[in-house]
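Enquirer: The following comprises the amino acid sequence and a computationally predicted model.
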Amino acid sequence: MRLLLLILTAFCAIGANADYSRSYYDSQPVLTTTVPDATIAYRVFNAAPEHEKVLLIMGLGGSGAAWGDAFIQRVINEGYEVAVIDNRDTGDSTSFASWGEPTIWWQLLKYNLGFSVDAPYSLNDMAADNLAVLDALNYDSAHVVGVSMGGMIAQVLAAQYPDRVATLSSIMSTTFAPHLPPPTGAAESNLRNLAGGTAEVSREDMMRARGFHPESMTRQLMAIFKTGDRTEEVATITRPTLVIHGSADPLIPPEHGVHTAEQIAGSKFVLIEGMEHSLPETFQPRVVGLLAEHFRLHSPVHANLTTAGPTRYWKDAS
């Protein structure tokens, strides 16, 4: 099961291509703040008082390094100060390895029967970790961007702490509503084809080099199940919201993004043709362009701008 989760994260990797680099990321000092049960690590790029702030939240098993240099630098080049968090159980943040690893089949059986799963933390805790980083940096608010599980955390942050979120951008993510479609057959086939032998070892080495932590993935997966369906909470979000999804996402199909956008009044949904469950450099200029446009349109200097109105849908072939 760990192998399947490890390979699953390959779909989440920002820099899963040969051009991935993290040297710029690693050149920045590690900063930390504390919450009741953990120390949370983060790094800051392009810091300046006059720059608006962006907070990046990575997906399942991913530390901040998983964003890769190219993505972070593209956001910086738009003129923003960027904070990148190591989610708890990854990177330089507190590991929960001493808690152990859940028995996945048993926990999923409990979930399907309507019982609570066992997990050392929930998405609510992970959202509070991000709030602690905003506090440590003295950010009144930030443009919050989350990918996959990071998008779920970002949604919780926007719902529970709206005054601290200038805008929300949820990328290839979900409300975890039970009626939404499961991963496609192609995604499951890819998992099987990648499994086994030396491929398992080389894949794990590659993902670790790109900032992913397979030992944390089962615990973070259970955090998602422990939190459960967040549709009602997502529907309370009032912050200006951009939802981006790839048309070819085999892991979290596009219907998840559509459903997320439908819950949030005034949100903008953009479907990017050909994009899967990753952000390779070929798609980064378009994605970062959409983010920068969203940030500028809803700059904190226009904080009184209302988001009321219907969801706007865009199909993007670029």
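Expert: Everything's here; your move.

Enquirer: Might you calculate how far the helix or strand encompassing residue 153 sits from the centre of the chain?
Expert: If you go by DSSP states H and E, residue 153 is part of helix 149-160. Remark: helix 149-160 is offset 8 Å from the chain centroid, using CA atoms, centre = their mean, to the nearest Å.

Enquirer: What helices and strands are in contact with it?
Expert: strand 53-57, helix 123-136, strand 142-147, strand 165-171, helix 214-227, helix 231-234 (3 or more CB pairs under 8 Å, 6 or more residues apart in numbering; DSSP states H and E). For the C-beta atoms, the positions are set from N, CA and C on the backbone; glycine is no exception.

Enquirer: tell me which strands and helices the second one is in contact with?
Expert: Contact partners of helix 123-136 among helices and strands, from 3+ CB pairs under 8 Å, 6+ apart: strand 31-35, strand 38-45, strand 53-57, strand 81-85, helix 149-160, helix 214-227.

Enquirer: returning to what we had before: and of the helices and strands packed on helix 149-160, who's closest to residue 99?
Expert: Evaluated over the helices and strands packed on helix 149-160, closeness to residue 99 peaks at helix 214-227, with 6.8 Å, by CB to CB.

Enquirer: So, low pLDDT: which residues of the stretch 1-150 of the chain?
Expert: 1-18 (pLDDT under 70).

Enquirer: run the last query once more with 50
Expert: 1-7, 9-11, 13, 15-16 (pLDDT under 50).

Enquirer: Between the helices and strands packed on helix 149-160, which one is closest to residue 37.
Expert: Nearest of the helices and strands packed on helix 149-160 (CB to CB): helix 123-136, 7.6 Å.

Enquirer: tell me the angle of the closest one relative to strand 81-85?
Expert: Interaxial angle of helix 123-136 relative to strand 81-85 (axes from the mean of the first three to the mean of the last three CA atoms, to 10 degrees): 140 degrees.

Enquirer: Could you export helix 123-136 as CSV, keeping only the C-alpha atoms?
Expert: C-alpha atoms of helix 123-136 as CSV (Å, rounded to 0.1, in the frame of the first residue of the first chain):
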residue,chain,number,x,y,z
LEU,A,123,-6.9,18.8,7.6
ASN,A,124,-8.1,21.2,10.2
ASP,A,125,-4.8,20.8,12.1
MET,A,126,-2.9,21.3,8.9
ALA,A,127,-4.9,24.5,8.1
ALA,A,128,-4.0,25.8,11.6
ASP,A,129,-0.4,25.1,10.8
ASN,A,130,-0.6,27.5,7.9
LEU,A,131,-2.3,30.1,10.0
ALA,A,132,0.6,29.8,12.5
VAL,A,133,3.0,30.5,9.6
LEU,A,134,1.0,33.6,8.6
ASP,A,135,1.2,34.8,12.2
ALA,A,136,4.9,34.1,12.4
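
Enquirer: who touches that helix?
Expert: Helix 123-136 has contacts (CB atoms under 8 Å, 6 or more residues apart in numbering) with 31, 33-35, 37-38, 40, 42, 55, 57, 83, 85, 87-88, 93, 141-142, 144, 149, 152-154, 156-157, 160-161, 164, 223-224, 226-227, 230.

Enquirer: Which of the helices and strands packed on helix 149-160 sits closest to residue 275?
Expert: strand 165-171 (9.7 Å).

Enquirer: so residue 299 touches residue 52, yeah?
Expert: Yes: at 6.6 Å, residue 299 and residue 52 qualify as touching, with contact defined as CB atoms under 8 Å.

Enquirer: Give me the common contacts of those two.
Expert: Joint contacts of residue 299 and residue 52 (CB under 8 Å, 6+ apart) are residue 166.

Enquirer: So for those two, which residue has more residues nearby?
Expert: For the pair residue 299 and residue 52, the greater number of neighbours falls to residue 52 (19 against 14), based on other CB atoms under 10 Å.

Enquirer: for the more buried one, what are its contacts?
Expert: Residue 52 sits in contact with 79-81, 143, 166, 295, 299-300, where contact means CB under 8 Å, 6+ apart.
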